[in-house]
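Chemist: Make a model of this:
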Amino acid sequence: MATKDRITCHILDTSLGQPARSVRVKLELLSSSTSSSTSQTPSKTFESITDEDGRIKTWLPYSSALSSGEVPVYTLEDVFVNDIKGPSRWMLRFDTAGYFGGEDKTFFPEVTVVFRVEEGQTYHVPLLLAPYSYSTYRGS
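Modeler: Residues are numbered from 1 along each chain as shown. Predicted coordinates:
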């Protein structure tokens, strides 16, 4: 079993010069080339919280407090192997208001990053974050 998922992220708080710990992040599959114009990609959403080094290496399936029924048990690897053939679009959603202590403490209460994933590739998406700015790029 791999020690980290195919999509990982890292948040650095540039205002403090240190990793952003305990930031809630969601990862959502938006579309894939396996979906046709008549059918939509099944919604697959994951979540995690950054560790002491500001990193997310693995994801858990997301289940909202309002959803009923069974808790999802798929992994990110399951989605890549079973649901996606070819390129896909994903979105990372960073809860920056929660990290900074409220919406009044930051200009960007949420940062969303939409990116394209090629089949078989791994992706690391760093976020450089401050209360009034952010930047992101494809890491290694």
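
Chemist: Okay, and the beta partners of the residue nearest to Thr112 when sequence neighbours are not counted?
Modeler: Nearest residue to Thr112 in three dimensions, chain neighbours excluded: Arg93, at 5.1 Å (CB to CB, 6 or more residues apart in numbering). Just so you know, the C-beta spots here come from the backbone N, C-alpha and C atoms, and that holds for glycine as well. Note on Arg93: beta-bridge partners Lys26, Thr112, judged by DSSP bridges.

Chemist: Run a quick check on Arg93 versus Val23, I expect a contact.
Modeler: No - if you go by CB atoms under 8 Å, Arg93 and Val23 don't touch, sitting 10.8 Å apart.

Chemist: ok, these two, which is more surrounded?
Modeler: More neighbours surround Val23 than the other of Arg93 and Val23, with 24 against 17 (other CB atoms under 10 Å).

Chemist: Tell me who's in contact with the residue nearest to Thr112.
Modeler: 25-28, 110-112 (CB atoms under 8 Å, 6 or more residues apart in numbering).

Chemist: Select from these the one having the most neighbours.
Modeler: For the contacts of Arg93, the largest number of neighbours (other CB under 10 Å) sits with Leu27, at 23 neighbours.

Chemist: Name whatever forms a beta bridge with the nearest residue to that one once chain neighbours are set aside.
Modeler: Residue nearest to Leu27 in three dimensions, not counting chain neighbours: Phe46, with 4.4 Å by CB to CB, 6+ apart. Beta bridges link Phe46 to Leu27, Pro61, judged by DSSP bridges.
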